[in-house]
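**Q** kindly generate the corresponding structure for this input.
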Amino acid sequence: MFMRLSDGRVGEEYAVLRIESRGLSASLCRRLYEIGVRAGAGLVLVNRKRGGASVIKVCCTRFAIGGEIAAAVHVRRLAENERKTR
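**A** A predicted model of the protein is given here:
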């Protein structure tokens with residue numbers, strides 16, 4: 001079962017299932033891919049700000065993304081045995 005990253009819990013680790021590109025520009029989708037937010041990638045939801053913006057950690061680097069972008073990223077929560085050390 002999937003959920004949107006915007007609905008995720010802070011501190012949890014997720015696997016990216018897909019990015020809903022409808023409503024996002026091609027350059028923004030390409031940028032997400034370049035920073036490592038792509039199908040199969042793991043990420044941690046570090047913080048959520050007012051207005052829906054989120055801070056995520058991908059490959060030991062933190063990025064801030066807007067609420068609209070977080071809503072377009074479909075993820076699944078990683079099981080305990082799938083998690084990496086943070």
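
**Q** put the alpha carbons of the longest helix along the chain into CSV.
**A** Assignment by DSSP state H gives helix 26-34 as the longest helix of the chain. Below are the C-alpha coordinates for helix 26-34, written out as CSV (Å, rounded to 0.1, in the frame of the first residue of the first chain):
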residue,chain,number,x,y,z
ALA,A,26,9.5,18.4,-16.5
SER,A,27,12.4,20.3,-15.1
LEU,A,28,11.2,19.8,-11.5
CYS,A,29,10.8,16.0,-12.1
ARG,A,30,14.3,15.9,-13.6
ARG,A,31,15.7,17.8,-10.6
LEU,A,32,14.0,15.3,-8.2
TYR,A,33,15.6,12.4,-10.2
GLU,A,34,19.0,14.2,-10.0
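
**Q** separation between residue 62 and residue 45?
**A** Shown here: residue 62 relative to residue 45, a distance of 11 Å by C-beta to C-beta, to the nearest Å. For glycine as for every other residue, the C-beta is placed from the backbone atoms N, C-alpha and C.

**Q** higher neighbour count, those two?
**A** Neighbours per residue (other C-beta atoms under 10 Å) separate residue 62 from residue 45, with residue 45 holding more: 22 against 11.

**Q** now do the contacts for the residue nearest to the more buried one when sequence neighbours are not counted.
**A** What sits nearest to residue 45 in space, not counting adjacent residues and going by C-beta to C-beta, 6 or more residues apart in numbering, is residue 8, at 4.6 Å. Residue 8 makes contact with 14, 45, 75, 77 under the criterion C-beta atoms under 8 Å, 6 or more residues apart in numbering.
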